[in-house]
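K.L.:
sequence first, predicted coordinates after that:
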Amino acid sequence: FYSIVKREFAYIVCDNDANQERGVYVACGLHSQSAAELELRNMVPDENIRSLGDGAVTVFSLPYDDIPAALFGDMFANCRGNYVFFIGNFMVFANSMDDIKALVRDVSLNNTMKASISHREFLGKFSTTSTMFLYYNFPCGTEMLKRVLSRQYSSDIDAKRSAIGNNGVCGVQFKCMDGLVFCNLSFGELDSKHIAESEIIWETNIGAAVAMKPCFVKNHDTGENEILVQDKNNMLYLLDTSGKEIWHVLIDAPIRSQ
């Protein structure tokens, strides 16, 4: 594994859940995705390799648990790493196929932190390179806060979830230079108030704020419903009914009628 990964590792917790192994990932930067996938195929028997959905993602079922902790240290232990897959130039360890499907779906719908304008502005407060960087979302991380702090504070955290959530997000950056360690700490606001109970079927991010009510249209080839929407930069998007972008095109002016 060490030969195929760069010195770039991330421990990611996406689900605010009491189950410490749900929604947990370890991502590793790669020198080359194709070389890493070839090396993994040499390690894993064919019956432990499967394709997800339309075959765009290949998932490798590993014969051993706890590989992330063995490779990178005990702080990665909650990700047992039963499965490995690739997104872009990253190799990602996950605990379950459900976690893989959730992450692949978010990436395909552009529902990522990178797509958030406010998040990009928040990252502008930090140096572009770090020895270690911690990002914490207060509304979405109360369960992790309970695990990090002493157990005596658990009931206080449950009672004050709303107040804790109002803190927004926090970033802590450590950077080593010339034998010194510099620390940069910053707090930021979220795009919108956190909604505790959500019934969203799906969501997606486009380039800017929406400028019109989304319209349902019918695909003239397949007969399937699709969604047409324009943003405030006059970019017109066509999405399928799962929220995945089919195409986008810049037009000259805003759409003013039905």
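P.N.:
Now that the structure is in, tell me what you want to look at. Residues are numbered from 1 along each chain as shown.

K.L.:
how about the strands in the stretch 1-150 of the chain?
P.N.:
With strands called from DSSP state E, counting those that start in this stretch, the stretch 1-150 of the chain shows them at 5-13, 24-30, 49-52, 57-61, 83-87, 90-94, 132-137.

K.L.:
quick one: average pLDDT of the third one?
P.N.:
Strand 49-52 shows a mean pLDDT of 88.

K.L.:
now find how far off-centre it is within its chain.
P.N.:
21 Å (CA atoms, centre = their mean, to the nearest Å).

K.L.:
ok, now the longest one?
P.N.:
The chain centre lies 13 Å from the centre of strand 5-13; the measure is CA atoms, centre = their mean.

K.L.:
so what touches stretch 156-171?
P.N.:
122-123, 125-126, 133-139, 142, 145-146, 149, 184-190, 194, 196 (CB atoms under 8 Å, 6 or more residues apart in numbering). Any C-beta I mention is one placed from the backbone N, CA and C, and that applies to glycine too.

K.L.:
which of those count as buried?
P.N.:
Buried residues within the contacts of stretch 156-171, defined by neighbour count using 16 or more other CB atoms under 10 Å: 122-123, 126, 133, 135-139, 142, 145-146, 188, 190, 194.

K.L.:
in helices, which of those residues appear?
P.N.:
Those of the buried ones among the contacts of stretch 156-171 mapping onto helices are 122, 123, 142, 145, 146, per DSSP state H.

K.L.:
who touches the residue nearest the centre of the chain in this structure?
P.N.:
Within the chain, one residue has its C-alpha closest to the average C-alpha position: by CA atoms, centre = their mean, that is residue 112, at 5.3 Å. Residue 112 is in contact with 106, 205, counting by CB under 8 Å, 6+ apart.

K.L.:
what distance do you get for it to residue 179?
P.N.:
36 Å (CB to CB, to the nearest Å).

K.L.:
which among the ones in helices among the buried ones among the contacts of stretch 156-171 gets closest to residue 216?
P.N.:
Proximity of those to residue 216 (CB to CB) peaks at residue 122, which lies at 34.6 Å.

K.L.:
look up the closest residue to that closest one, ignoring the ones flanking it.
P.N.:
When the adjacent residues along the chain are set aside, residue 122 lies closest to residue 188, with 4.1 Å between them (CB to CB, 6 or more residues apart in numbering).

K.L.:
quick check: phi and psi on residue 165?
P.N.:
phi -60, psi -30 (degrees, to the nearest 10).

K.L.:
look up how far residue 145 lies from it.
P.N.:
11 Å.

K.L.:
residue 82 now?
P.N.:
Taken as CB to CB, the span from residue 82 to residue 145 is 27 Å.

K.L.:
could I get the strands of the stretch 1-150 of the chain in JSON lines, plus columns for distance to residue 160?
P.N.:
As requested, the strands of the stretch 1-150 of the chain are exported to JSON lines (distance: least, CB to CB, whole Å):
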{"stretch": "strand 5-13", "distance to residue 160": "20"}
{"stretch": "strand 24-30", "distance to residue 160": "25"}
{"stretch": "strand 49-52", "distance to residue 160": "40"}
{"stretch": "strand 57-61", "distance to residue 160": "40"}
{"stretch": "strand 83-87", "distance to residue 160": "36"}
{"stretch": "strand 90-94", "distance to residue 160": "32"}
{"stretch": "strand 132-137", "distance to residue 160": "16"}
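
K.L.:
pick the most deeply packed of these.
P.N.:
Compared across the strands of the stretch 1-150 of the chain, strand 90-94 shows the largest average neighbour count, a mean of 23 (mean count of other CB atoms under 10 Å).

K.L.:
many thanks, have a good one.
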